[in-house]
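>>> model this:
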Amino acid sequence: MDSKKTGAFIAALRKEKGYTQANLAELLNISNRTVSKWENGDGFPDITILPDIASVFGITVDELLAGERAVKEETAQIKVTEIENKDNLVNIFKICFVIALFLAVFALVLGTVTEIYCIWAFPILFYTHWEIIFVAVSLFAMILSGLVFSVGVTRLGVSYNKDEIKRLAGRKGLVLIGISAVFPLSFIARLLNFSVFKSALAPHLFPFVMAFLVIASLAALKYAYDKIV
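Now for the predicted structure:
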């Protein structure tokens with residue numbers, strides 16, 4: 001038994017209860033000096049008074065002798081379970097992100113290549129049926145990517161607060177937003193190439209309009225992402 005550890009424990013318990021040394025001494029029918037000696041580690045409570053001290057502070061005699069509260073096995077088990085649950089949620093989120101990233105890259109490659117080729121090759125919008133199919137598949141993949149990522153973020157919300165979710169998902173979300181924005185921008189470029197940009201002045205304005213669309217789209221997607229998480 002460590003008298004100094006027990007003494008410090010008694011002092012901490014006394015302060016938790018809001019007692020002065022005089023209050024504690026009165027409750028135990030002892031002198032203030034005795035309480036002071038215990039707390040300084042200069043003496044140890046008599047074995048006969050240990051149950052009374054434990055009763056005053058709502059602890060066991062074993063805890064008093066050990067100089068610390070015993071960690072309940074049930075509480076420890078709950079903490080272990082919470083950690084395991086958090087790890088599982090992070091793993092689920094990572095899986096969702098990988099799937100979402102694959103779908104976003106698929107939409108980027110299929111949709112953007114299709115639209116760029118059509119801008120170069122065809123003056124008429126949706127000139128071939130395969131353009132419609134590829135655009136539809138790319139759009140579906142992009143939407144599915146966002147849904148899968150949202151599921152992963154929502155699952156994190158079970159055990160993590162908003163700041164923790166932003167820390168875990170923030171950068172990944174921005175990467176996904178950046179990748180997902182490419183196909184819509186290429187589709188807009190295809191529409192503009194078909195309809196608006198037919199005059200002599202239009203080709204000179206095209207780079208500026210596209211830059212504006214890129215900035216506006218990324219800003220809108222970033223705003224939407226912040227609202228989600």
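>>> list the contacts for residue 172?
Residue 172 is in contact with 97, 149, counting by CB atoms under 8 Å, 6 or more residues apart in numbering. Quick note: C-beta positions are derived from backbone N, CA and C, even for glycine.
>>> Kindly recompute the last result at 10 Å.
Applying CB atoms under 10 Å, 6 or more residues apart in numbering to residue 172 gives the contacts 93-94, 96-98, 100-101, 149, 152-153.
>>> same deal with residue 89?
152, 155-160, 168.
>>> just residue 43 next, same as before
3, 7, 33-37.
>>> Check these for burial and list the buried ones.
3, 7, 34-35, 37 (16 or more other CB atoms under 10 Å).
>>> Tabulate the residues you listed in CSV, adding columns for distance to residue 25.
Converted to CSV, the buried ones among the contacts of residue 43 look like this (distance: CB to CB, whole Å):
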residue, distance to residue 25
3, 18
7, 14
34, 7
35, 5
37, 11
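>>> does residue 19 count as helix, strand or coil?
coil (DSSP: H, G, I helix; E, B strand; the rest coil).
>>> which residues touch it?
Per CB under 10 Å, 6+ apart, neighbours of residue 19: 13, 25-27, 35, 56-57.
>>> what does residue 113 give?
With CB under 10 Å, 6+ apart, residue 113 has these contacts: 134, 138, 183, 186.
>>> Narrow the contacts of residue 172 to those in helices?
Applying DSSP state H to the contacts of residue 172, the entries found in helices are 93-94, 96-98, 100-101, 149, 152-153.
>>> Cool, thanks, talk later.
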